[in-house]
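S.K.: output the structure for:
(2 chains)
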Amino acid sequence: MIAEFGLAALWLAAALAVLQLAMAALGLWFKRPPITVRAEPVEALSFSSEEEGQHLADASLRVDKLNANGRGDAAQQLFASIRPVAIVQGLLVIASFGALIALFVRSDMSASLVVQHSHSLKPMLYKVTGTWGNHEGSMLLWITILALSGAAIALFERRLRQDTLIATLGAQALIAIGFYAFLLFSSNPFARVLPAAPEGLGLNPLLQDPGLAFHPPPLYVGYVGLSVAFSFAVGALVTRDVGPAFARAMRPWVLLAWIFLTIGIAAGSYWAYYELGWGGWWFWDPVENASLMPWLAATALLHSVAVLATRDGLRAWTIVLALVAFAMSMLGTFLVRSGILTSVHAFAVDPTRGTFILLLLAFYIGGALALFAARIGAVRQGKLFEPVSREGALVVNNLLLSVILGIVLIGTLYPIVAQWMGQQISVGPPVFNKTTVPIALALFVVAAAGPLLRWRRDETRALVGRMKWPIAAFILGGGVVLALAPDAGIFPILGLGVAAALGVASLAPLGGRNLRRTPLHIYGMVIAHLGVAVSIAGMASETAFSKEVLVAARPGQSYAVGPFDIAFAGVRPTVGNNWTGVEAVLVARKGEDGRAVALNPQQRFFASPPTETSEAALSTHWNGQLYAVIGQRADEGRWQLRLWWKPFVTLIWYGALLIALGGLASLIGRVRGKRTAKPEVRGYVR
Amino acid sequence: MKRQLILWVPFAVFVGVAILVASALFAPADRTVKSKLIGQPLPEFALDPMIEGKPGLATQAFATGRPRLLNIFASWCVPCIAEAPHLMALKEAGATIDAIAIRDEPDAVAAFLVRHGDPYRAIGDDAERRVQLNLGSAGVPETFVIDGQGRIVMQHIGDIRAEDVPEILAALEAAE
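M.R.: From the prediction side, this is the model:
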């Protein structure tokens, strides 16, 4: 019954989405401005006396007013009941998703999805996470988050103009309908198999990892959270209400989605780093790019929304970014699901599904961009500003982020173009690194300078004066690297210099302020920018100073890796609850009498399905990580070992956490504070 | 008017991207990695013998005036077992087959030949896959048809099935 219950809840939710859309459309139709030229035909008739004509005209106006009132009442009633509809829809989808989890937890082998992707002997944690470790389940999670976002708007959004809010809920319902249709007609997660299967076909052992189990949900919240920004933009286009109030209403939702995207990307990167055993933390894999592109767009959106909210500038641009951000997250979903790009992540290669998502993508994004082109002309131009100003810096930030986004998009799709020309090409890290890193470095310089600029207009010379400490930090940071590792390459040296400069500059907005009265969102910006600096420092340091040793190790021998000596004692068998394996016994020591650190990288063999995985061993120190992988057995009892010392590599993810934390502080500050209405208008204060 | 047109730029870009990905969806990529050396002479190489009693393999062996097959295989490769009977059939039909063993060990190869048949004249040992990659071969098994001047005339990717045998024989004949 659980499966049928879940399916029924899903159908009901879909029906409510249709209802929500219809109510929004009808309400907006009724509420459209009454036509003011109604008196004209009365004048056109010739009446015996002017008075009589006037009477009639009055009467007609009165009737018109009455009509308008009647329609207004109807609109109000529709508007009042649309919020509950959105909320109930959210509850129904939660119930449906809960039903699917219940099927997995109970290992109900009459449910086709459970048979395909689970096994009664799996650890409970992975039974639960297996719910979204497959196409149907993950799409149900997708729509659960979508419906919950809709419910959250209905529950919490009080700042938006009423008709814009209704249009937003209508747009949200319209998106949801497409995805309900996708689930119900082409990817039913609740399909039964009769008779029930005796046992499940198992979860891919590669997927049995807490990192993998938990990095998709935050990414999904981020992807789908951007649908809220999209719906807001569509709502604002429908009602032509693009202004500071709209921006302030949209900002917390964008922040929320962006925080989750940041966490999801960082977690995914760390998972790839320790689980894939290649020692790298970013591979420019199409699916990684698919998560990076919405993040880049959302980051640009966050900054342009700030200009719209505080200075009422960049109206059209902000709307475009809101549409593009969600377009990127849908494109990401499409690229992952359709399997048109070769990727380790492509888990559901199915042209039918790909076609369905492509149609949804074309309809929603194409429709919204066409609406934008048709409508934005009717939105008044926003305020203008001087090039050297906070707004100016934010525009440069947006341009640079957009260029990076463009490069990543082109690089990701280029293999398809190449295929048209009859070539097989894969665009890899060398291309992406060479093209994006210089632009990213320029972006970080702007990130250092931007918060030190006043809104509206500022002096270049004054800015240089305020930048003296960051510039000193740049010279110091870059100089230290140049002295320690002259061969590190230009990018790591510049990277560490820029990281130092941005680190110092990011704290500057706190200078001269009363720290206890500084609004929370300023702290948010400071923490997030500091996080960027920390993250770049980690990336540059890892690139510049990593030491790698690849050996066919003989038991009893010892190898120098960076400041460590790693002794290889041999290998021993090891067993887990559904795998067997071998692990290397390594002891790392710094100097003669350093503390001994055990490292046990493993090779695991899973019986069902037969799979071999490599588990890296990591040892984290304050100044870096040791990373060991055991490879193939070589002749004469030797084993291939890959050993790395990666100085300060952990800063990459600590930095990302700081960025997310900054976002959170900003979000709390924005949601809570009426008190801190518009303090940033003052700009930089010494 | 100009501003009106600019406003349609995002839409136009989007339509371009949509058409691009749609094309990829409806005309799926040919994911086989083909060698760029078809029609070209074999690259220079000289490989040590893989097992006792069989010679190793070098480029010079191919420019003998008679076409032959070059099979890339490994004892650890399951499709290689599947194609073994068809290689035997090719040999019986008169083809000379040389082989390159990828990342393999002598004992394992000897055992493989005992169990699945030995169609090979010579087997070169390519432990580091260097020659294989130079040939433009991305996987195991693959089979090249080499003409009498030592030029690659055909590449067969994946295991040879029964229905592929006539085609390969025809290619050998055409290369005479």
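
S.K.: ok, now which ones touch the residue lying closest to residue A:633 once chain neighbours are set aside?
M.R.: When the adjacent residues along the chain are set aside, residue A:633 lies closest to residue A:639, with 5.7 Å between them (CB to CB, 6 or more residues apart in numbering or on different chains). (Each C-beta comes from the backbone N, C-alpha and C, glycine too.) Contact partners of residue A:639, counting by CB atoms under 8 Å, 6 or more residues apart in numbering or on different chains, are A:552, A:553, A:568, A:571, A:584, A:630, A:631, A:632, A:633.

S.K.: now those: which count as buried?
M.R.: Taking 16 or more other CB atoms under 10 Å in any protein chain shown as the criterion, what is buried in these is A:553, A:568, A:571, A:584, A:630, A:631.

S.K.: what's the most distant pair in those?
M.R.: Farthest apart among the buried ones among the contacts of residue A:639 by CB to CB are A:568 and A:631. That separation is 12.7 Å.

S.K.: where do the contact lists of the two overlap?
M.R.: Residues touching both residue A:568 and residue A:631 (CB under 8 Å, 6+ apart): A:639, A:641.

S.K.: distance of residue A:406 from chain B?
M.R.: Counting by CB to the nearest CB, to the nearest Å, the separation of residue A:406 from chain B is 10 Å.

S.K.: ok, now which ones touch that residue?
M.R.: Shown in contact with residue A:406 (CB under 8 Å, 6+ apart): no residues.

S.K.: where's the nearest residue in space to residue A:649 that is not next to it in sequence relative to residue B:129, distance?
M.R.: Using CB to CB, 6+ apart and skipping the chain neighbours, the partner closest in space to residue A:649 is residue A:542 (4.4 Å). According to CB to CB, to the nearest Å, residue A:542 stands 29 Å off from residue B:129.

S.K.: quick one: which of these two has more around it?
M.R.: More crowded of residue A:542 and residue B:129, by other CB atoms under 10 Å in any protein chain shown: residue A:542, with 23 against 17.

S.K.: average model confidence for the strand or helix carrying the more buried one?
M.R.: Following DSSP states H and E, one finds residue A:542 within helix A:520-545. Taken as a whole, helix A:520-545 has a mean pLDDT of 93.

S.K.: tell me where chain B has helices.
M.R.: Here chain B has its helices, by DSSP state H, at B:2-7, B:9-26, B:78-92, B:106-116, B:130-134, B:165-174.

S.K.: which residue packs closest to residue A:656, ignoring adjacent ones?
M.R.: Distances taken as CB to CB, 6+ apart put residue A:266 closest to residue A:656, at 3.5 Å, once the chain neighbours are dropped.

S.K.: same question, residue B:169
M.R.: Nearest to residue B:169 is residue B:93, by CB to CB, 6+ apart, at 5.7 Å.

S.K.: now do that neighbour: how many residues are near it, please.
M.R.: 12.

S.K.: pretty sure it is touching residue B:170, no?
M.R.: No: with contact defined as CB atoms under 8 Å, residue B:93 does not reach residue B:170; the gap is 11.0 Å.

S.K.: tell me who's in contact with residue 113.
M.R.: By default, I'm working from chain A. By CB under 8 Å, 6+ apart, residue A:113 lies in contact with A:100, A:103, A:134, A:136, A:137, A:189, A:190, A:191.

S.K.: if you could check chain B rather than the one you did, that'd help
M.R.: Contacts of residue B:113 (CB under 8 Å, 6+ apart): B:51, B:120.

S.K.: mind doing that once more with 10 Å?
M.R.: Contact analysis of residue B:113 by CB atoms under 10 Å, 6 or more residues apart in numbering or on different chains lists B:50, B:51, B:54, B:75, B:84, B:99, B:119, B:120, B:123.

S.K.: sec struct for residue A:194, please.
M.R.: coil (DSSP: H, G, I helix; E, B strand; the rest coil).

S.K.: and the gap between it and residue A:110?
M.R.: Using CB to CB, we find residue A:194 at a distance of 7 Å from residue A:110.

S.K.: neighbour count winner among those two?
M.R.: residue A:110 (14 against 7).

S.K.: how many residues are close by the closest residue to the more buried one other than its chain neighbours?
M.R.: Counting by CB to CB, 6+ apart, residue A:196 is the residue found nearest to residue A:110 once chain neighbours are left out, at 3.7 Å. Residue A:196 sits with 13 neighbouring residues when counted by other CB under 10 Å.

S.K.: and residue A:196, what does it touch?
M.R.: A:108, A:109, A:110, A:111, A:112, A:114, A:115.

S.K.: picking that back up, so which of the contacts of residue A:113 is the most crowded?
M.R.: When neighbours are counted by other CB under 10 Å, residue A:189 leads the contacts of residue A:113 with 28 neighbours.

S.K.: just give the closest residue to that one, not the sequence neighbours.
M.R.: Per CB to CB, 6+ apart, closest to residue A:189 is residue A:136, 3.8 Å.
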